[in-house]
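Colleague: build the 3D model from these lines:
(2 chains)
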Amino acid sequence: MARDKLHVGLEIGTTKVCAVVAESRANGELRLLGVGESPSRGVRKGEIVDFTNASKCVHDALADAEDRSDREIDNVWLGVTGAHIVGFNHRNSANLPAESEITDAEIEEVECKEQDVGIPKDHILLHSIIQRYFVDGQAGVIDPRGMLGTRLEADFHIIHGIANRIHNAIRCVKEFEIDVVDVVVNSVASAQVILSDQQKRAGALIVDIGGGTTDFLVYQDGAIRHSGVIAIGGDHVTNDICIGLKIPIARAEKLKIEEGSATLEGVKPGERITLKNDTGFSGRDIDRRTLNLIINARLHELLSILRKHVQEVVPEHLLGAGILLTGGCSLTRGIRELAESVFQGTPVNLAHAQSVSGPASAFENPQLSTCIGLARYAQAVHSQMPQSSLLDNFFKKLSSKLKIV
Amino acid sequence: MISYPRWLEDTADTPRLRLIGIGNAGVHIADRIAAQASSELETVAINSDQHSLNTSSAGTRVAIGPLTTHGLGAGGDAETGLEAAKESLKEILGAIEGADILLICAGLGGGTGGPTAALVAKLAKERGALPVAVVTSPFRFEGRRRSAQASEALDELKKHADAVVHFENDRMADFSEPMLEAAKTFAACDELLAAAIITLISATKGGGPLPVSLPDLISILRHSGDGCLFGSGSAEGGERAAAALEEALRSPLLDGGRLLKEGTEILVNIGGPSNIAFVEAASIMQSVSRHVGEKTNLHLTLATTQDDAPLTVALIGRTGAGVARQVPQSAPAVEPLSVVPDQPAKPKPSTPKVHQEDLPLEPVSKGRFIKSEPTMFEGEDLDVPTFIRRKLLR
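Modeller: Residues are numbered from 1 along each chain as shown, chains lettered A, B, ... in the order given. Below you'll find the model as predicted:
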């Protein structure tokens, strides 16, 4: 493994395609070298609906990233999202020969295979992440290697999605003779840079509200307990404004960013916002309260749905480190307060990528959390690679995922 | 607002269909259909009358209200019927569990059929299934009380069912020969109803090269109310296409094909052996389109069954909401088919008319998400702006 290994994270988002080029230093530091971006076309709700346009945007973003980082990109780690991606928990078990020591072979035996978990036929296993082991029913075993036991069980968090849709995203990149090392679910990637180990242990919900989707992930006791995607994002807010105020989409987007807020507090009754003349649009006054009401209604609903999803698996009081909001939509004014009121007192904070170095403008931007997270994920996988069987597993997993493409 | 569950649209497998006969009339019709249906059909009989259930051949039989009616029926009293249904809510729920489409058939004049049908539709709706009701209202001579009960039940049913196909017995009898034996008149009405339901089943079950999509079916039936058009016919041999269509057009509910002109949505379901030629289907559609008005929306479905089956043509549709159904006084613009005896229809005496309310069918505004895969949560289409669904503005 070369020192200063290059890791590139690519996210084909609904609003923008972005690529982060980062360098892994010998001391474990991840340094951002450059970020390439291109406004996205042909992507709806996080999924590609217009292949030609989407792959053009991927090309532009990668070219931009090469320019800015002054490096050549030959492979990327690809983030995927979409409502078809589902996470659930699964327990696997293996009986061991009497009183034998647990070694890597036994651990591998209990590992989750695609055929064990019963996912739909057209789906592909994206992640099977270990939560904890049980040795002869003894809970809370973090590493069972070297222990004695007759029965080894393991809890996994499984994430799967529709194979064809994921392969479409991969093909979008492969068009340009650039390899996709692996696909990573967006929320899993974001978590890598947003949460510290401490927060993972304390329990945290991270919510990445992007343009087309809201990706969420719950950590508890240091392991991923729940994850999912809700196909609602900032685009819906813009669309609601467009319909509610009868203004063009581009105007609605601008208005949302410049004036919009998710709270109704502090708005004087009858307060107006003046929209200036523009080509094809004659200026108009709109009511600020109406604007905020539209945004508030949408985001309140989104957060309520999210709360329902999370509560099904993890009660709120176990989220010791609270809720962390990231993604472009987390820049909406008042969203933190709104989320706190929906989650009834669980602390909510805005978050962006942590513990990476480079231009602050990049890692402090919550829109880039996922993309930076992908680079971090890549770094983590590479640093583990030389260790024992992980290497084999890793390549096995890769080949199974990529051979169909 | 269109409220069929959107997830049904994209399911690849055919939806699970269940036929539910409610009340004496409903159970009777369901049995009839089960006997005639070409493919395996899940049937449920629900009645407060134990005797009717005992003779029924339905796969599942639910006796409701054993404490309220002691298995003796509701005696034509809607209140008793409703009480019986409420008493056996659990059993009813069990009977409808797991179905995607429920075809509910019932006679509305009696005590059990009307109220129970509305309740079943409501329960089905709440469970995300698609209730489609095919109902009859009683003859005028059966008395005012039954008419009143029927119109009340129909109103209730329309609130809950996705589509209500409503046949007035009176209207069917009006067109039949006056001196026909009473039993035959009743039987003819039942026959017509059974044929309508079988058409619906074969149209939804698909299997053919050209199935009807669920949203289409719902939009065809949504407003049918008392302006329901239906006719079916079958024939074999050389000229089977023309012969089957002629028979279908002879149906009293189409008045020799003349009523087709008033139809706004018409589904033409052609069924039969797999050797139906394209020319045959095309000639049927051509003849039908000669009879329909300019604004009529025609839908074609093709369903293939066993190879020895005759070719069947069924027309089902509705007249426009709010358009009074009138038999044209002057010579119709379209030529009636020669085979149809030209019988002048009497203007109908005023029956207690069931007022068909327009369901609010405003265009759902989804803006840029109009073409994308809908985001559904608990039966709501989340692409529609929240403020519209919550009615927050204005």
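Colleague: please make it C-alpha for all contacts and neighbour counts, starting now.
Modeller: Fine.
Colleague: which residues of chain B lie near chain A?
Modeller: By the rule C-alpha under 8 Å from any C-alpha of the partner chain, the part of chain B lying against chain A is B:365-368, B:372, B:375, B:382-387, B:393.
Colleague: could these be laid out in JSON lines, adding secondary structure?
Modeller: JSON lines is the format used below for the residues of chain B next to chain A (DSSP: H, G, I helix; E, B strand; the rest coil):
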{"residue": "B:S365", "secondary structure": "coil"}
{"residue": "B:K366", "secondary structure": "coil"}
{"residue": "B:G367", "secondary structure": "helix"}
{"residue": "B:R368", "secondary structure": "helix"}
{"residue": "B:S372", "secondary structure": "coil"}
{"residue": "B:T375", "secondary structure": "coil"}
{"residue": "B:L382", "secondary structure": "coil"}
{"residue": "B:D383", "secondary structure": "coil"}
{"residue": "B:V384", "secondary structure": "coil"}
{"residue": "B:P385", "secondary structure": "coil"}
{"residue": "B:T386", "secondary structure": "helix"}
{"residue": "B:F387", "secondary structure": "helix"}
{"residue": "B:L393", "secondary structure": "coil"}
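Colleague: turn the residues you listed into CSV, including pLDDT and neighbour count.
Modeller: CSV is the format used below for the residues of chain B next to chain A (pLDDT from 0 to 100; neighbours: other C-alpha atoms under 10 Å in any protein chain shown):
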residue, pLDDT, neighbour count
B:S365, 74, 16
B:K366, 79, 19
B:G367, 81, 17
B:R368, 82, 17
B:S372, 80, 13
B:T375, 85, 19
B:L382, 89, 20
B:D383, 89, 23
B:V384, 88, 21
B:P385, 89, 27
B:T386, 89, 23
B:F387, 88, 20
B:L393, 76, 10
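Colleague: in JSON lines: the residues you listed, plus distance to B:G65.
Modeller: Supplementary listing: these in JSON lines, determined by distance: C-alpha to C-alpha, whole Å:
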{"residue": "B:S365", "distance to B:G65": "45"}
{"residue": "B:K366", "distance to B:G65": "45"}
{"residue": "B:G367", "distance to B:G65": "49"}
{"residue": "B:R368", "distance to B:G65": "51"}
{"residue": "B:S372", "distance to B:G65": "47"}
{"residue": "B:T375", "distance to B:G65": "41"}
{"residue": "B:L382", "distance to B:G65": "40"}
{"residue": "B:D383", "distance to B:G65": "43"}
{"residue": "B:V384", "distance to B:G65": "42"}
{"residue": "B:P385", "distance to B:G65": "44"}
{"residue": "B:T386", "distance to B:G65": "42"}
{"residue": "B:F387", "distance to B:G65": "43"}
{"residue": "B:L393", "distance to B:G65": "46"}
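Colleague: can you pick out the most distant pair from those residues?
Modeller: B:S372 and B:L393 (25.4 Å; C-alpha to C-alpha).
Colleague: those strands in the stretch 101-250 of chain B, which residues are they?
Modeller: B:101-107, B:130-137, B:163-168, B:228-235 (DSSP state E, counting those that start in this stretch).
Colleague: tabulate those (JSON lines), appending mean pLDDT.
Modeller: Shown next, in JSON lines, are the strands of the stretch 101-250 of chain B (pLDDT from 0 to 100):
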{"stretch": "strand B:101-107", "mean pLDDT": "86"}
{"stretch": "strand B:130-137", "mean pLDDT": "83"}
{"stretch": "strand B:163-168", "mean pLDDT": "78"}
{"stretch": "strand B:228-235", "mean pLDDT": "79"}
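Colleague: now render those strands as CSV, adding distance to B:T69.
Modeller: Below are these laid out as CSV (distance: least, C-alpha to C-alpha, whole Å):
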stretch, distance to B:T69
strand B:101-107, 19
strand B:130-137, 23
strand B:163-168, 28
strand B:228-235, 34
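Colleague: turn those strands into JSON lines, including mean neighbour count.
Modeller: Below are the strands of the stretch 101-250 of chain B laid out as JSON lines (neighbours: other C-alpha atoms under 10 Å in any protein chain shown):
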{"stretch": "strand B:101-107", "mean neighbour count": "27"}
{"stretch": "strand B:130-137", "mean neighbour count": "27"}
{"stretch": "strand B:163-168", "mean neighbour count": "25"}
{"stretch": "strand B:228-235", "mean neighbour count": "25"}
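Colleague: near chain B, which residues of chain A?
Modeller: A:44, A:231-232, A:236, A:239-240, A:242-243, A:290, A:293-294, A:297-298, A:301.
Colleague: number of nearby residues for A:A139?
Modeller: Using other C-alpha atoms under 10 Å in any protein chain shown, A:A139 is surrounded by 12 other residues.
Colleague: for the helix or strand harbouring it, which strands pair with it and how are they oriented?
Modeller: Here A:A139 sits within strand A:138-141, counting by DSSP states H and E. Strand A:138-141 pairs in its sheet with strand A:123-135 (antiparallel), by DSSP bridges.
Colleague: got the contact list for the partner strand?
Modeller: Contacts to strand A:123-135, defined as C-alpha atoms under 8 Å, 6 or more residues apart in numbering or on different chains, come from residues A:112, A:114, A:119, A:139-144, A:149-163, A:183-185, A:222-225, A:401.
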